[in-house]
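Chemist: Give me coordinates for this.
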Amino acid sequence: MTVGSTSKSEPQLEASDPSSKLDEHAAHEGEVPVERTRDEARASEEKSAEEKALDAKPFVDWFRHCAPYIHAHRGRTFVVAFGGEAVADPQFHRTVGDLALLSSLGVRLVVVHGTRPQIEDRLREAGLESQFHDGLRITQEAALPCVKEAVGVTRVEIESKLSMSQPDSPMSGARLRVATGNFVTARPLGVRGGVDYWYTGEVRRVDTEAIKQRLDTGAVVLISNLGYSWTGDVFNLGVHDVAGSVAEALGADKLVCLTEGEGVLDREGKLVREISPSAVEGLLVDNDLLLDVRRWLQASSRACLGGVRRAHLLTRTIDGALLQELYTRDGIGTLVAVEAFEGMRRASSRDLPGILALIRPLEQRGVLVPRSRERLETELEHYLVLERDGMVVACVALYPFDHGSVGEVSCFAVHPDYRKGGQGERLLSFVEKRAVELGMRRIFLLTTHTGHWFQERGYEPSQPEALPAERRATYNAGRGSKVLFKDLSAEPPAR
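Modeler: Next up, the predicted model:
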């Protein structure tokens, strides 16, 4: 019924309803009834919808921001590894939910788990003492059944979590298929430093073909810290060794390690955001990092040197650590990657002949504006070069404007023999990284020949009027160069 209606054809509110008494009082006093008209109600509903849209804006913006990472990670192979401590954590179901989400977003997922605390429990129940040397467990024959039992129970526990599909939960409708098997061949560590490790082993071979076959079917591959030998023996392996070896053998795009403690900290206790394999050993010297973190750093370094594109070390106790690291611009962990800009540096006077040899042919073709040797000498501090075997094979200049908040990318040149090797892409990434380090929020460039190449890499067409005033004053309209800008604050770095 319509509240506040006076039509005789519609039923009236009962006198006991306080709103009817209010209407009656209002009618006697000649006032407008307090009930909203249909138009007022509709206006209120529309306002409410607008308010809801405003409330949802942060989520919408966040979801849109994730899109580039969703596209970039789809079809990629990630190895995600964690110790048995993660499985024993009451919040492990959250990690499982995030793993399921990665799979649903198209990531080819390999999960590697450890079982150290679970083995400790089994040994304690059996009245056996745990033995370690240099941080590695000595797995004697009497302890091996406990290791097998702990690994089996833990693997089943993870499989059961990955099999959940409860309504109103992150796993709802997931329907993941989990594949396990004898993917890892092992060999014994043997006697080292006078210590016999018995049935503690190391990875000898990874059956990558079998793993890839399972991944091709859309399954999540689950690998435990056990390895099997050609003699039929079973060996207890370190999860760090297994995860790094599997990632390297697969040529995985990422190795993601969920660590104990607070992650990778420097000597001042600050989180290390990015490190190259060559710098890992230096970080480990005189640094009181947890053994687990040290092992993950070493495994990540070896994996990256062995062909894995990137490794990520995350504190496992941070809720949603996987999603925050992989689907946000800055991430929350430590990135280990082979130095992408090896051979790139600031130019010096000895590079001048090489730069001139590189740019003269382009100037003659009208691709670059002619520059005298004298001008190059005075502006050399703005130049960056890529050197190979003592030869300058690429160069670029970066000029600051507007008190350093805007930069111009200029004199971008790559030797013809190196243009198909991705050197131009690396050089552009290098100068953009340098611009960010200098505090530049936007960069621009002028081009007559290669506009589309830059547009494919995030540069947007603009007009000469958008140039900084100082640069606009020297713009040569007769040359007709296209003006392209890029917003560095909105550019998501690859994680």
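Chemist: strands paired with the strand ranked longest in the chain, and their directions?
Modeler: In the chain, with assignment by DSSP state E, the single longest strand is strand 391-401. Strand pairing for strand 391-401, determined by DSSP bridges: strand 383-388 (antiparallel), strand 406-414 (antiparallel).
Chemist: so where is this structure shaky, pLDDT-wise?
Modeler: 1-48, 340-342, 389, 421, 490-495 (pLDDT under 70).
Chemist: what does the domain assignment say about the protein?
Modeler: 74-336, 344-490 (automatic domain parsing).
Chemist: Return the most buried member of the ones you listed.
Modeler: Compared across the domains of the chain, domain 74-336 shows the largest average neighbour count, a mean of 18 (mean count of other Cβ atoms under 10 Å). (Each C-beta comes from the backbone N, C-alpha and C, glycine too.)
Chemist: circling back to that earlier point, hmm, who's touching the longest strand of the chain?
Modeler: Residues from elsewhere that reach strand 391-401 (Cβ atoms under 8 Å, 6 or more residues apart in numbering): 347, 351, 354-355, 357-359, 379, 382-387, 406-415, 417-418, 423-424, 427-428, 430-431, 434-435, 438, 440, 443, 468, 470-471.
Chemist: For Val431, give me phi and psi.
Modeler: Main-chain dihedrals, Val431, degrees, to the nearest 10: phi -70, psi -30.
Chemist: Isn't it up against Val409?
Modeler: Yes: the pair Val431 / Val409 is scored as a contact, 5.8 Å apart, by Cβ atoms under 8 Å.
Chemist: Just the element for the closest residue to Pro277 other than its chain neighbours, please.
Modeler: Spatial nearest neighbour of Pro277, excluding adjacent residues (Cβ to Cβ, 6 or more residues apart in numbering): Ser301 at 4.0 Å. Ser301 belongs to helix 291-305 when assigned by DSSP states H and E.
Chemist: So what are the sheet partners of the following helix or strand past that helix and their directions?
Modeler: Next along the chain after helix 291-305, taking DSSP H and E as the criterion, comes strand 310-315. Its sheet considered, strand 310-315 pairs with strand 254-259 (parallel), strand 334-336 (antiparallel) by DSSP bridges.
Chemist: neighbouring contacts of the first one?
Modeler: With contact meaning Cβ under 8 Å, 6+ apart, strand 254-259 is reached by 76-83, 86, 95, 240, 243-244, 247, 290, 292-293, 296, 299-300, 303, 308-316, 321-322, 325-326.
Chemist: what's the angle between it and helix 291-305?
Modeler: Strand 254-259 runs at 170 degrees relative to helix 291-305, counting by axes from the mean of the first three to the mean of the last three Cα atoms, to 10 degrees.
Chemist: the helices in the stretch 101-250 of the chain, which residues?
Modeler: For the stretch 101-250 of the chain, the helices defined by DSSP state H, counting those that start in this stretch occupy 116-125, 144-162, 208-216, 239-250.
Chemist: Which residues does the second one contact?
Modeler: In other words, helix 144-162. Residues contacting helix 144-162 (Cβ under 8 Å, 6+ apart): 84, 87, 92-93, 96, 99-100, 111, 113, 115, 118-119, 121-123, 125-126, 128, 139, 176, 178, 180, 199, 220, 222, 224-226, 234, 236.
Chemist: and if you look at the last one?
Modeler: Contacts with helix 239-250, where a contact means Cβ under 8 Å, 6+ apart, come from 77, 79, 81-84, 110, 112-116, 183-184, 202-203, 205-206, 208, 211-212, 223, 225, 227, 252, 254-255, 257, 295-296, 298-300, 302-303, 306-308, 311.
Chemist: now the shortest one
Modeler: The set of residues that contact helix 208-216 without belonging to it, under Cβ under 8 Å, 6+ apart, is Thr77, Arg108, Leu109, Val110, Ala179, Gly181, Phe183, Val221, Val246, Ala249, Leu250.
Chemist: if you set the cut-off to 7 Å instead, what comes out?
Modeler: Outside helix 208-216, the residues that touch it by Cβ atoms under 7 Å, 6 or more residues apart in numbering are Thr77, Arg108, Val110, Ala179, Gly181, Phe183, Val221, Ala249, Leu250.
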